[in-house]
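*Asks:* My questions concern the predicted model and sequence given below.
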Amino acid sequence: MRWALVKVCLAVTAMVVVAFAVPLGLVVQEMASDRAFSNAERQAATIGPTLSITTDPVQLRKAVESTQMGAARRMAVHVPAIGDSPPVDIGEGRAGAHAVAETRRIGRATTASVPGGGSALLQPTALGSGDIAVVEVFVPESEVSNGVTTAWLVLAGVGAALIVGSVGVADRLGARLVRPAERLADAAHQLGEGRLGARVPEDGPKELRSAAAAFNAMADQVVELLANERELAADLSHRLRTPLTVLRLNAASLGDGPAAEQTREAVEQLEREVDTIIRTAREQRPPAAAVAGAGCDASEVIRDRMSFWSALAEDEGREVRLAGVDRTVRIPVARPELAAALDAMLGNVFRHTPEGTPFAVDVHDASDAVIMLVSDAGPGIADPDAALRRGNDGGRDGSTGLGLDIVRRVAESTGGDVRLGRSVLGGTEVRVWIGLDGRTRGGAGGVRARRGRRKRRSN
């Protein structure tokens, strides 16, 4: 917008300069020409009294040479034949005989072009005998254009100064208009990146002040809504403590045995998750920032969670296969986050496939990423893209549509992504790509994941 204002001002100023400078230059040129010929007329008039008294060539020559133009050899006198006297031409005449005769015939001053440049003023003068003599004064081109070049240069300089000055003023005004808009855009980017304290000074033109005030009000409302959301999540999570306490007491009374031990472990895990939710909800930053820089051993987390899910798999007659978890695999994801993502994927297997359906968990350690695969032999997912959208439960009972979104956020926090496809077992395969050392995944997959995330945020 700033350069657009400068261009408009430049165009308008240039048109104004041309509209005034060109006519003014032409007027100056015309004035210079009038001044030169007026001076020639005055010089021609000085010889008139002599012609009215005598036509003697000697006296006329003396009179011509005594004038400024005569001394400069720029004046001539053409006397016609009077009686028996032949015509007399005094001085160096440059106009042709035809121009002299035409001036004598019409009886008024005329101008004639001179070969080689310049003009000749022909002034008729009455003689005592009643005849008409013609006084010729040569006007060179330098006198006709005297001062015109200087005038054009001055006008061009003034016009250039006006254009440069107007561009400078327009640039300053444009900067004054654009700066508040740039601050507003920068604050919007900061707010989009999660810096909730971004605000805009309410200055500049009226429209931009209104936009800045609206943005600040929106930012305040966003902060308030997020605070209310965090408090609500914390309150709801806190309400779960009472039934969890009852469950823990009941689990303690179950006695010994594998089922009782698994129940107690599940209650303890649930209590830890509730505590984590309360802590992260109370903080002023998102969970991803709270665990930035944390890491864990993916193999150890998978073995730990499979010890929990294997009991349920055994009860339902599911065959379980693990691969790649016999060695340490470090990833830049906090242990609770990875455990929650793994529980979400395994929970989907148990929730959406029939009993007796086998499944497998594989870990592949590449040079720049770690790939986790959760595969099953179930019926599969009809629309994988829709299943990855947050809150989409596909109309299935017992599903909130948030499980795979948890997995996706964990993967994207490392620069990776999540894909759904057909597994070698015949059912669904969830492929989780986790980037190492904060490096983004190369190739089209990572690009699509990031574009998809931006598209979802913009909707």
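*Replies:* Looks like it came in fine.

*Asks:* could you pull out the strands for the chain?
*Replies:* Ranges of strands in the chain, per DSSP state E, are 75-79, 88-91, 110-113, 119-126, 132-139, 296-297, 320-323, 330-331, 359-365, 369-376, 417-422, 428-435.

*Asks:* TSV for those strands, including mean neighbour count?
*Replies:* Any C-beta I mention is one placed from the backbone N, CA and C, and that applies to glycine too. Below are these laid out as TSV (neighbours: other CB atoms under 10 Å):
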stretch	mean neighbour count
strand 75-79	24
strand 88-91	20
strand 110-113	15
strand 119-126	21
strand 132-139	25
strand 296-297	18
strand 320-323	13
strand 330-331	18
strand 359-365	19
strand 369-376	22
strand 417-422	18
strand 428-435	24
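
*Asks:* Let me have those in a markdown table, extended by mean pLDDT.
*Replies:* A markdown table is the format used below for the strands of the chain (pLDDT from 0 to 100):
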| stretch | mean pLDDT |
| --- | --- |
| strand 75-79 | 89 |
| strand 88-91 | 85 |
| strand 110-113 | 88 |
| strand 119-126 | 88 |
| strand 132-139 | 89 |
| strand 296-297 | 90 |
| strand 320-323 | 93 |
| strand 330-331 | 90 |
| strand 359-365 | 93 |
| strand 369-376 | 93 |
| strand 417-422 | 90 |
| strand 428-435 | 93 |
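
*Asks:* If Arg419 is in a bridge, with which residues?
*Replies:* Arg431 (DSSP bridges).

*Asks:* dump the residue contacts of it.
*Replies:* Contacts for Arg419 (CB atoms under 8 Å, 6 or more residues apart in numbering) come out as 384, 430-431, 433, 445.

*Asks:* Where does pLDDT dip in the chain?
*Replies:* 1-2, 231, 233-242, 244-246, 249, 277-294, 389-403, 437-459 (pLDDT under 70).

*Asks:* ok, back up a step: compare the strands of the chain and give me the one nearest Thr54.
*Replies:* strand 75-79 (10.2 Å; CB to CB).

*Asks:* angle of that closest one against strand 119-126?
*Replies:* Interaxial angle, strand 75-79 versus strand 119-126 (axes from the mean of the first three to the mean of the last three CA atoms, to 10 degrees): 40 degrees.

*Asks:* start at 10 instead
*Replies:* All set: I'll call the first residue 10, so the last point we hit is now strand 84-88.

*Asks:* now strand 84-88 and strand 141-148, what's the angle there?
*Replies:* 160 degrees.

*Asks:* on that earlier part again, switch the contacts of Arg428 over to a markdown table; also include distance to Gly356.
*Replies:* Output for the contacts of Arg428, formatted as a markdown table (distance: CB to CB, whole Å):
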| residue | distance to Gly356 |
| --- | --- |
| Pro393 | 18 |
| Val439 | 12 |
| Arg440 | 18 |
| Trp442 | 21 |
| Gly454 | 25 |
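
*Asks:* Looking at the residues you listed, point me to the pair that's furthest apart.
*Replies:* Across those (CB to CB), the longest gap, 15.0 Å, separates Pro393 and Trp442.
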